[in-house]
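Colleague: sequence-free structure coming up:
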Ligand SMILES: [Zn+2]
Ligand SMILES: [Zn+2]
């Protein structure tokens, strides 16, 4: 698989000179098969989704967009995804079932419709299909996907485990493990859904908005500490950690320091940088 990190920031875009190296766009990861085909699976549609258009080199997007949840930083790029908003695009967008009978298009349209935005989801050009999703296993874009419910804050959130039959990428953002208790380290519980999504994964891309020392003051916002992520990877046997969904105030220098914190970790740790491609 080829995994393109198109937006790695959490909560709100972070433009500015101090954020150039790691990037300021919000959550978006594009996944392609490893035989050089363009991405057919997009995880989240934050502002980073604008970069996916460039990966498609003038071609329309044909594939699936999986949203983890509906917070702004995971959906706001959607109407600016040029490769998806054209007459020849074929897009299936799946988001967590809201458990109240609201359709996918309706719930997306709450934030994306006048007066909040000029158009609704149904006015995107091309053939778009919107549907909801429950935890479970399914196939899309030629990948096997497993979805599990993940504790976050303010809305149902899913984590995904994506496999092409040879390699596995786990994508777990946004995640608040302290919602289930302090766990053995005080950074949150190593609960079954997180451990099973990450189990033996070649790459674990995970919410690392916080540092361990920030957990007491900031865990209520619904995120995980980088230290938790690395410990989770060790427990679950994941082979490579990608720290993702960086706090919008965390500068390039701050993220360099974050990388330093884990140089001796038994599991290799990468601090996600926008524009990076991982061969998995
Ligand atoms: Zn987020
Ligand atoms: Zn969120």
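Modeller: Now that the structure is in, tell me what you want to look at. Please read all numbers here as calculations on a predicted model, not as lab measurements. Ligands and ions are numbered 1, 2, ... in the order given.

Colleague: From the chain's centroid, how far away is stretch 232-242?
Modeller: If you compare the mean C-alpha spot of stretch 232-242 with that of the full chain, they lie 17 Å apart, counting by Cα atoms, centre = their mean, to the nearest Å.

Colleague: got a list of contacts for it?
Modeller: Stretch 232-242 is contacted by residues 5, 170, 190, 194-196, 198-206, 229-230, 262, 265-272, 278 when judged by Cβ atoms under 8 Å, 6 or more residues apart in numbering. From N, CA and C alone the C-beta is placed, and that goes for glycine too.

Colleague: what distance separates the start and the end of it?
Modeller: 12 Å (Cα to Cα, to the nearest Å).

Colleague: Give me the mean pLDDT for that stretch.
Modeller: On average, the pLDDT along stretch 232-242 is 98.

Colleague: can you tell me which residues contact the residue of the stretch 151-280 of the chain found nearest ligand 2?
Modeller: Ligand 2 sits closest to residue 174 of the stretch 151-280 of the chain, with a gap of 3.7 Å, by Cβ to the ion. Taking Cβ under 8 Å, 6+ apart, we find residue 174 in contact with 10, 68-69, 71, 150, 152-153, 157, 207, 209, 222-224, 245.

Colleague: which SSE is it in?
Modeller: Counting by DSSP states H and E, residue 174 is held by no secondary-structure element, helix or strand.

Colleague: Now do it against ligand 1, distance only.
Modeller: Distance check for residue 174 against ligand 1: by Cβ to the ion, to the nearest Å, it reads 4 Å.

Colleague: Ok, residue 126 next?
Modeller: 26 Å.

Colleague: what sits against that residue?
Modeller: For residue 126, the set of contacting residues under the criterion of Cβ under 8 Å, 6+ apart consists of 60, 84, 85, 86, 87, 88, 89, 90, 91.

Colleague: per-residue pLDDT, it?
Modeller: What the model reports for residue 126 is a pLDDT of 98.

Colleague: Show me what residue 241 is bridged to.
Modeller: Residue 241 has these beta-bridge partners by DSSP bridges: residue 204, residue 269.

Colleague: for residue 26, same thing?
Modeller: Beta bridges link residue 26 to residue 9 when assigned by DSSP bridges.

Colleague: Make sure it is actually in contact with residue 75.
Modeller: No - with contacts counted by Cβ atoms under 8 Å, residue 26 stays clear of residue 75, the gap being 9.3 Å.

Colleague: When the two are compared, which one has more neighbours?
Modeller: residue 26 (31 against 25; other Cβ atoms under 10 Å).
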